[in-house]
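Enquirer: Give me a 3D structure for the following:
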Amino acid sequence: MTGHRIEKENLFWGWYVVAGAFLLMAVNYGARYSFGLFVQPLSAANGWSRSAVSLAASINLIAYALAGIVAGRLLDRVAPRWIATAGAAAGAAGLLLCTAARTPVELYLAYGVLYGLGSAWTGTVPVSSSVGKWFDRRRGLAIGISSMGVSFGTLVIVPLAAWVLERFGWKAGFVFLGLALLVPGSLIAHLLLRRTVPEAYGLAPDGEGARTAADAPAAGSAPPPAPLPSRSILTDARFGMLALCHGAAVMGSLMAFVHQVPYAIDVGIDRMTAAASLGAVGVAGLAGQFFFGWVSDRLPDPKYSAALGYGVMAAGIGMLLLARTAEMLLAYALVFGFGYGCLAPLLPIIAADRFGRRTMGAVFGLLVFFVVGIGGALGPLLGGLIYDLTGSYRWAWTLNLGILIAAAGGVMTLRRRRPASPSAAEAGKA
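Expert: The predicted structure is shown next:
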């Protein structure tokens with residue numbers, strides 16, 4: 001049974017998938033979150049306005065969200081290594097082509113479109129969905145650990161990119177990020193993400209109660225399940241509620257990320273301390289990603305973990321409203337960052353819980369479009385618009401606080417996956 005052998009393994013293969021997801025998200029999101037380092041150098045070197053340079057990041061976000069839908073659909077049909085390898089190649093090409101961009105439009109095509117596509121195909125949709133397909137009882141822990149790669153990559157890759165940029169220039173910085181995505185990304189995909197679902201290899205989710213040879217399907221006899229039609233997903237009230245609540249939380253998080261530093265400077269906190277608050281959010285987020293994934297396995301429904309995470313984020317925003325000193329800013333960053341850690345693991349966890357793990361790629365891809373492509377894009381824009389209209393961030397943070405409280409309450413109304421009716425079950429047996 002080539003490719004579908006039943007073999008005794010000392011370590012359940014799902015944990016190798018977790019390791020691959022962690023490492024791939026580390027290199028991918030480390031590169032994504034390094035873009036802020038290039039805004040000033042690109043502006044100075046080419047005479048472009050900072051808003052023109054920053055538009056590349058917005059285009060990237062839209063391309064990322066659209067490509068995530070395709071990645072999710074493909075993942076329900078093919079092994080994740082092929083998606084991730086194509087993504088690593090496209091993403092690296094986009095980053096390398098940034099060095100040759102002579103106009104903002106060329107930057108938009110290279111970083112915005114090409115790298116946006118590549119980062120989606122090496123990002124949370126294919127890799128978190130892959131992890132979710134290998135676990136049931138330990139899904140929260142597994143996705144929580146793999147999601148820690150986002151914060152780990154930010155803490156490791158971003159400083160390295162800053163060092164390369166400082167020593168060798170912004171073009172060398174893009175080359176470093178491109179090679180960091182291409183070489184490790186392709187190796188990780190082929191070594192650790194080459195398998196599809198446990199049942200295809202005679203295994204059971206979580207590595208417990210593995211099938212015997214007599215019980216296992218023959219090679220090629222268990223085709224992947226038919227993907228859910230997009231219309232069926234989009235018209236499901238549970239999908240709409242999850243997209244709305246998680247999208248609101250992501251909108252609030254990105255509003256804070258983009259505007260917390262200028263806000264801190266406005267209230268008299270020095271620039272270096274204000275910038276360091278972003279690092280504190282990342283460190284706290286690392287702990288939050290593990291905690292909220294772990295605790296979701298121990299609660300009767302993962303929606304309670306999401307409500308808790310949104311609530312902790314709201315508490316952090318309340319602290320930011322009162323922050324006037326470096327100590328208060330740090331306290332905000334640690335509390336908000338810990339709550340922010342719920343965002344990456346809980347979306348795929350709840351998607352699998354509500355819609356099933358075998359077809360979660362399609363569901364998760366559509367969720368990311370609404371949560372990141374719409375919610376994520378609105379947050380920074382809304383914060384900037386409120387500041388321009390009022391001359392203060394006070395009303396932005398107040399709105400953010402209300403949105404997060406509403407999201408915590410809304411997600412509590414999320415119903416579980418409906419069981420099949422008795423009549424349908426009997427029909428299936430006939």
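
Enquirer: residue nearest the centroid of this protein?
Expert: T124 (4.4 Å; C-alpha atoms, centre = their mean).

Enquirer: low pLDDT regions in this structure?
Expert: Applying pLDDT under 70 to the chain flags residues 1-9, 50, 209-230, 358-360, 417-430.

Enquirer: Break it down into its structural domains.
Expert: Following automatic domain parsing, the chain resolves into domains at 13-207, 230-411.

Enquirer: Span of the longest one from start to end?
Expert: Right, domain 13-207. 8 Å (C-alpha to C-alpha, to the nearest Å).

Enquirer: mind listing the helices in the stretch 251-400 of the chain by residue range?
Expert: Assigned by DSSP state H, counting those that start in this stretch, the stretch 251-400 of the chain shows helices spanning 271-296, 302-322, 326-340, 343-355, 360-368, 377-390, 394-411.

Enquirer: just checking, what packs against the fifth one?
Expert: If contacts are counted by 3 or more C-beta pairs under 8 Å, 6 or more residues apart in numbering; DSSP states H and E, helix 360-368 sits against helix 50-75, helix 124-133, helix 230-234, helix 237-266, helix 343-355. C-beta: built from backbone N, CA, C; applies to glycine.

Enquirer: and the fourth one, what does it pack onto?
Expert: To tie it back to what came earlier, the one meant is helix 237-266. Using 3+ C-beta pairs under 8 Å, 6+ apart: helix 237-266 touches helix 271-296, helix 302-322, helix 326-340, helix 343-355, helix 360-368, helix 377-390, helix 394-411.

Enquirer: Go through it and flag the buried ones.
Expert: Applying a neighbour-count criterion of 16 or more other C-beta atoms under 10 Å, one finds 238-239, 241-261, 263-264 buried in helix 237-266.

Enquirer: returning to what we had before: of the helices of the stretch 251-400 of the chain, which is nearest V105?
Expert: helix 377-390 (19.8 Å; C-beta to C-beta).

Enquirer: outside of the closest one, which residues touch it?
Expert: The contact list for helix 377-390 (C-beta atoms under 8 Å, 6 or more residues apart in numbering) reads 58, 61-62, 250-259, 393, 395-396, 399-400.

Enquirer: How far does that helix sit from its chain's centre?
Expert: Centre-to-centre, helix 377-390 and its host chain are 23 Å apart (C-alpha atoms, centre = their mean, to the nearest Å).

Enquirer: List the buried residues in that helix.
Expert: Neighbour-count burial for helix 377-390 flags 377-380, 382-384, 386-387 (criterion: 16+ other C-beta under 10 Å).

Enquirer: Let me see the residues that make contact with stretch 96-105.
Expert: Residues contacting stretch 96-105 (C-beta under 8 Å, 6+ apart): 38, 46, 48, 52-53, 55-56, 106-107, 109-111, 114-115, 171, 174-175, 178.

Enquirer: before we move on, the earlier item: may I see the helices and strands packed on helix 237-266 organised as JSON lines, with distance to L95 added?
Expert: JSON lines is the format used below for those (distance: least, C-beta to C-beta, whole Å):
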{"stretch": "helix 271-296", "distance to L95": "21"}
{"stretch": "helix 302-322", "distance to L95": "31"}
{"stretch": "helix 326-340", "distance to L95": "26"}
{"stretch": "helix 343-355", "distance to L95": "22"}
{"stretch": "helix 360-368", "distance to L95": "21"}
{"stretch": "helix 377-390", "distance to L95": "21"}
{"stretch": "helix 394-411", "distance to L95": "32"}
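
Enquirer: quick one: which of those helices is nearest W82?
Expert: helix 360-368 (13.1 Å).

Enquirer: which residues touch that closest one?
Expert: Under C-beta under 8 Å, 6+ apart, the answer for helix 360-368 is 65, 68-76, 124-126, 128-129, 132-133, 227-228, 230, 233-234, 239, 242-243, 246, 347-348, 351-352, 355.

Enquirer: one more time with 6 Å
Expert: By C-beta atoms under 6 Å, 6 or more residues apart in numbering, the residues outside helix 360-368 that reach it are 68-69, 71-73, 75-76, 125, 129, 132, 227-228, 233, 243, 348, 351-352, 355.

Enquirer: tell me the angle of it relative to helix 237-266?
Expert: Taking axes from the mean of the first three to the mean of the last three C-alpha atoms, to 10 degrees, one finds that helix 360-368 is oriented at 50 degrees with respect to helix 237-266.

Enquirer: For the closest residue to Q260 other than its chain neighbours, give its distance to G94.
Expert: Spatial nearest neighbour of Q260, excluding adjacent residues (C-beta to C-beta, 6 or more residues apart in numbering): S277 at 6.2 Å. S277 sits 30 Å away from G94, going by C-beta to C-beta, to the nearest Å.

Enquirer: swap in G316?
Expert: In terms of C-beta to C-beta, G316 sits 34 Å off from G94.

Enquirer: Same question for I350.
Expert: 31 Å.

Enquirer: Check I403 too.
Expert: Counting by C-beta to C-beta, the gap from I403 to G94 is 32 Å.

Enquirer: The two: which has the busier surroundings?
Expert: Ranked by neighbour count (other C-beta atoms under 10 Å), I403 and G94 place G94 first, with 26 against 23.

Enquirer: surely the more buried one meets A110?
Expert: Yes - using C-beta atoms under 6 Å, G94 is in contact with A110, at 5.0 Å.

Enquirer: circling back to that earlier point, out of the helices of the stretch 251-400 of the chain, the one nearest L191 is which?
Expert: helix 360-368 (20.9 Å).

Enquirer: Specify the angle between that closest one and helix 343-355 in degrees.
Expert: 130 degrees.

Enquirer: Next, the angle helix 50-75 makes with helix 360-368.
Expert: 160 degrees.

Enquirer: CA atoms only: put helix 360-368 into CSV for me.
Expert: The C-alpha coordinates for helix 360-368 follow below in CSV (Å, rounded to 0.1, in the frame of the first residue of the first chain):
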residue,chain,number,x,y,z
MET,A,360,-12.4,22.4,7.5
GLY,A,361,-10.1,23.7,4.8
ALA,A,362,-12.9,25.2,2.7
VAL,A,363,-14.7,26.6,5.8
PHE,A,364,-11.5,28.1,7.3
GLY,A,365,-10.5,29.6,3.9
LEU,A,366,-13.8,31.5,3.7
LEU,A,367,-13.6,32.5,7.3
VAL,A,368,-10.1,34.0,6.8
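
Enquirer: Could you tell me how many residues sit around L11?
Expert: With other C-beta under 10 Å as criterion, L11 counts 9.

Enquirer: any idea which helix or strand carries it?
Expert: L11 is located outside every helix and strand, with elements delineated by DSSP states H and E.
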